[in-house]
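[1] Please work out how this folds:
(one chain, ligands or ions: 1)
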Amino acid sequence: MLLFATIIVSLGVSQADDPLRPQYHMMPPKNWLNDPNGPVYYNGYYHMFFQHNPNAAVWGDMHWGHCYSEDMVHWIHLPVAIAPDQPYDKNGIFTGSTTLVDGIPVIIYTGITETNEQVQCQARPANLSDPTLTSWIKSPLNPIITHPNGRDPATAFEDDYNNYYLIYGFGTDELGGQAVLFTSKDFSNWTYLHPIHSNHYDNFWECPDIFNVSNRIVLKASLRGQDFWAIGDFDPTNLIFVPVGNDLGEYTQLIDQGKFYASKSFYDPLNDQQVIMGWTAEDDNQGEQRGWQGLHTLPRAIFLSDDGLQLRTRPIEALQSLRNEKTHRHFQNVILPTVIPFVLVPDVSGNQIEIIINWQFSMNQNLDFGMSVLSTSDGSQQTNIGIITQRNTSVMMNWDLAGWDYFSVPNIHQWSDCQPVCDQDTKCQAWTFVTDRQINNNCFLKSGIPLLNSNAACVSGVKQKGLDQQPVWIYIDRTLSQTNPAAAHSPLHGTIWMEPSSSLLNGQWFLGLNIFIDHSIIEVFEPKGGRVAITARVYPEKENAKYLGVYVHEASTDENKIIINTLDIWTLNTIWT
Ligand code: DQQ
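    Numbering: from 1, shown residues only. Below is the predicted model of the structure:
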């Protein structure tokens, strides 16, 4: 089938020795990396620290690794910044942050003591005239905080009266997850106040972070294996965070829908933006053998929705400098008229690439279409990045919205009674009624919109927003990504609401996706609205799994076609200089 009119030459493929090792993501040369720690811009350079085991490709013996950069894109490795060598941190230099105190970067990190207590410690640059900030000196006052026994201090903030405030993660079964608040006048002597915020979605919060975006306060924390945000205000009298919408822990509050944890943000003064990056762990059982494990996601700029109530992210603009312009390929107006199992994008290949694809499709149709990446030429190994829409999302027969249940409603015996209950509950985003069980609570309410799963025993619905608004599922399907059964295969997805103001013309929706492929990591964004970020790990074994394709698994029955308005592809250069 001839779909693509332009004939082009091959993009070329990275010749890295290890075909799965990413080339434009932050990671040490070998061994282990986890949480980003204390990113900061100081005196002309960005500094990135990270949880690092320098001696083995497994978690343990935590040090702070260190890289620096002029542009937040191209990085240079530096020696370990902080090593565990004191009684108060001998068992690990855990996560922490950097704060500019009177213009000087000061690190506060969690030390794990000889007796495995978690205490908070401070370090300052040994030589401020060294722009690389290679050496750090621990404070003679360490540990500066010993109770409660929590971890992961965030960048501190200041009020108008020269009081500093610091939060770190804590929690118990009884108290739930918490971010505990301390105050100080001199940044060395800290007084415990109370939890700045807490809830019962988990019994401990790791890596909390608090920052200002567009005159609102964002609180984030890591719990249940994912990173959640809440937007709110800081109550200056009671010194607590008060969420204005959903609280962190709800499925509407994920920063990234995929493999993204222990994220850390920092203020980038050069571009006046708050930047966040997360830790992406390996998702198979081969990491130790490969000799490296863990990387950081691409840095993302944080912004708020127009109403100030939703957190949005998109890749920082500076990443465009990684594009090798000579390899740029452009296609336009590719019409996909009907169901197409798989068709190759001609003469393009690459496993270290960026893709921008602008889709056009009709409103209110049953559609499933997308792009295959890291694909063999026959499509036997591939990862699909697609879009699903449904004609009528208020009642979807034979579909399960699997997961994210927060309540099963008693005494409901038919699906038509399930939707009104959801409509009346502000927390409810969607529901599924299970028809083949003779139990008393077959109506499940969901606190987000899970991915659609075909299931003859289910009827599902999405709480509606308005006649001209439509939910759209954006997914990464890893069913054929690799053959290793121990690698994660489960689909990942995010759901967004298409809204007429930004993307509807003559009954057609316009939706752009920005996709980054780097050997064994895929990041998918909806860059215009910043409403979706999905990070996935994949481990294609086949050497030629470097092609791109398109597919339409479900097409409209009427005259409407799915159209690729534009498709742009670049090879990206490495970030290591
Ligand atoms: N990882 C760090 C901890 C943190 C956890 C230790 C989150 O400080 O709570 O490596 O991944």
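[2] Return the residues of the chain in contact with the ligand.
    34-35, 51, 62, 94-95, 110, 151-152, 206-207, 262 (C-beta under 6 Å from any ligand atom). Heads up, the C-betas are built off the backbone N, CA and C, glycines and all.
[3] now with 8 Å?
    Within the chain, the residues that sit near the ligand (C-beta under 8 Å from any ligand atom) are 34-35, 51, 59, 62, 92, 94-96, 110, 151-152, 169, 206-207, 222, 261-262, 279.
[4] Among those residues, the buried ones, what's the ChimeraX command?
    To isolate the buried members of the residues of the chain next to the ligand in ChimeraX, using 16 or more other C-beta atoms under 10 Å:
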select :34,35,51,62,92,94,95,96,110,151,152,169,206,207,222,261,262,279
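[5] Which ones among the residues of the chain next to the ligand map onto strands?
    Taking DSSP state E, the ones among these that sit in strands are 34-35, 51, 94-96, 110, 169, 206-207, 222, 261-262, 279.
[6] Tell me the buried residues in stretch 94-113?
    94-99, 101, 105-113.
[7] And for stretch 204-212?
    For stretch 204-212, using 16+ other C-beta under 10 Å, the buried residues are 204-211.
[8] do the same with stretch 290-309
    So stretch 290-309, judged by 16+ other C-beta under 10 Å, has buried residues 290, 292-302, 304.
[9] end to end, how far does stretch 399-417 reach?
    Criterion C-alpha to C-alpha, to the nearest Å; first-to-last residue distance in stretch 399-417 is 17 Å.
[10] outside of that stretch, which residues touch it?
    By C-beta atoms under 8 Å, 6 or more residues apart in numbering, the surrounding residues in contact with stretch 399-417 are 251, 390, 395, 418, 421, 425, 427, 430-435, 440-455, 457-460, 462.
[11] Please, which helix or strand holds the nearest residue to Ile388 once chain neighbours are set aside?
    Ranked by C-beta to C-beta, 6 or more residues apart in numbering and with sequence neighbours excluded, the top spatial neighbour of Ile388 is Trp473, at 4.1 Å. Following DSSP states H and E, the helix or strand that holds Trp473 is strand 470-477.
[12] next one: Pro346
    strand 340-349.
[13] other SSEs contacting the strand or helix carrying Ile564?
    Following DSSP H and E, one finds Ile564 within strand 562-572. Identification of packing neighbours for strand 562-572 by 3 or more C-beta pairs under 8 Å, 6 or more residues apart in numbering; DSSP states H and E yields strand 323-336, strand 340-349, strand 352-362, strand 508-518, strand 547-554.
[14] could you redo these as CSV and give each row distance to Tyr68?
    CSV is the format used below for the helices and strands packed on strand 562-572 (distance: least, C-beta to C-beta, whole Å):
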stretch, distance to Tyr68
strand 323-336, 23
strand 340-349, 34
strand 352-362, 23
strand 508-518, 21
strand 547-554, 34
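[15] how about CSV for these, with distance to Arg312 and mean pLDDT added?
    As requested, the helices and strands packed on strand 562-572 are exported to CSV (distance: least, C-beta to C-beta, whole Å; pLDDT from 0 to 100):
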stretch, distance to Arg312, mean pLDDT
strand 323-336, 23, 96
strand 340-349, 29, 94
strand 352-362, 18, 97
strand 508-518, 13, 96
strand 547-554, 27, 97
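[16] Can you tell me who the residue lying closest to His194 once chain neighbours are set aside pairs with across the strands?
    Distance criterion C-beta to C-beta, 6+ apart; nearest residue to His194, sequence neighbours excluded, is Leu181 at 6.1 Å. Taking DSSP bridges as the rule, Leu181 bridges to Ile167, His194.
[17] so Thr280 touches His296, yeah?
    Yes. If you go by C-beta atoms under 8 Å, Thr280 and His296 touch, sitting 7.0 Å apart.
[18] Give me the common contacts of those two.
    In contact with both Thr280 and His296: His25, using C-beta under 8 Å, 6+ apart.
[19] OK, contacts around Thr566?
    Contacts of Thr566 were listed using C-beta under 8 Å, 6+ apart, and they are 330-332, 356-358.
[20] Now the buried members of the residues you listed.
    Going by neighbour count (16+ other C-beta under 10 Å), the contacts of Thr566 have 331, 356-358 buried.
[21] where does the protein have its least confident helix or strand?
    Lowest on mean pLDDT, DSSP states H and E among the helices and strands of the chain sits helix 500-503, with a mean of 77.
[22] what lines up beside the helix or strand just after it in the sheet?
    Moving toward the C-terminus from helix 500-503, the next helix or strand (DSSP H and E) is strand 504-505. Paired with strand 504-505 in the same sheet, following DSSP bridges, are strand 508-518 (antiparallel).
[23] picking that back up, what residues are up against the residue nearest to His194?
    165-167, 192-196, 239.
[24] re the thing from before, going by distance to His77, which of the contacts of Thr566 wins?
    Ile356 (30.3 Å; C-beta to C-beta).
[25] Report pLDDT for the nearest residue to Pro315 once chain neighbours are set aside.
    Spatial nearest neighbour of Pro315, chain neighbours left out: Leu298 (5.2 Å); criterion: C-beta to C-beta, 6+ apart. The confidence metric pLDDT takes the value 98 at Leu298.
[26] how is this structure carved up into domains?
    Annotated domains of the chain cover 31-319, 323-391+467-571, 396-462 [the TED database].
[27] Identify whichever of those lies nearest to Leu3.
    Using C-beta to C-beta, those put domain 323-391+467-571 closest to Leu3, at 5.4 Å.
[28] distance between the ends of the closest one?
    End to end - C-alpha to C-alpha - domain 323-391+467-571 spans 6 Å.
[29] hang on, Ala230 in a helix?
    No. Read with DSSP: H, G, I helix; E, B strand; the rest coil, Ala230 is strand and lies in no helix.
[30] beta partners for it?
    Ala230 has these beta-bridge partners by DSSP bridges: Leu219.
[31] ok so, going back, separate out the buried members of the contacts of Leu181.
    By 16+ other C-beta under 10 Å, those give 165-167, 193, 195-196 as buried.
[32] what's the spacing between Glu117 and Gly44?
    Separation of Glu117 from Gly44 (C-beta to C-beta, to the nearest Å): 38 Å.
[33] Which one of these two is surrounded by more residues?
    With neighbours defined as other C-beta atoms under 10 Å, Glu117 and Gly44 compare such that Glu117 has more, 14 against 9.
[34] Which pLDDT value belongs to the residue nearest to the more buried one when sequence neighbours are not counted?
    Closest residue to Glu117 apart from its sequence neighbours, by C-beta to C-beta, 6+ apart: Asn149 at 6.0 Å. On pLDDT, Asn149 comes in at 97.
[35] doesn't Asn116 make contact with Asn149?
    No. Contact criterion C-beta under 8 Å: Asn149 and Asn116 do not qualify, at 9.5 Å.
[36] Among the buried residues of stretch 290-309, name the ones in strands.
    Counting by DSSP E, these place 292-293, 295-296, 300-302, 304 in strands.
[37] residues in contact with the lengthiest helix in the chain?
    As assigned by DSSP state H, the longest helix anywhere in the chain is helix 418-424. Contact with helix 418-424 is made by 394-395, 409, 412, 428-433, 443, 445, 459, 461, 463, as judged by C-beta under 8 Å, 6+ apart.
[38] Quick one: mean pLDDT for it?
    Helix 418-424 comes out with an average pLDDT of 95.
[39] in that helix, what's buried?
    418-419, 422.
[40] Among those residues, which one sits closest to the ligand?
    When those are compared for distance to the ligand (C-beta to the nearest ligand atom), Cys422 wins out at 34.5 Å.
[41] Which residue is the nearest non-sequential neighbour of that closest one?
    Nearest to Cys422 is Cys428, by C-beta to C-beta, 6+ apart, at 4.0 Å.
[42] helix or strand for the one you found, which one?
    Under the assignment here (DSSP H and E), Cys428 is part of no helix and no strand.
[43] what sits against the closest residue to Gly448 other than its chain neighbours?
    Using C-beta to C-beta, 6+ apart and skipping residues adjacent in sequence, the residue nearest Gly448 is Tyr251, 2.9 Å away. For Tyr251, the contact set (C-beta under 8 Å, 6+ apart) comprises 404, 429, 446-448, 450.
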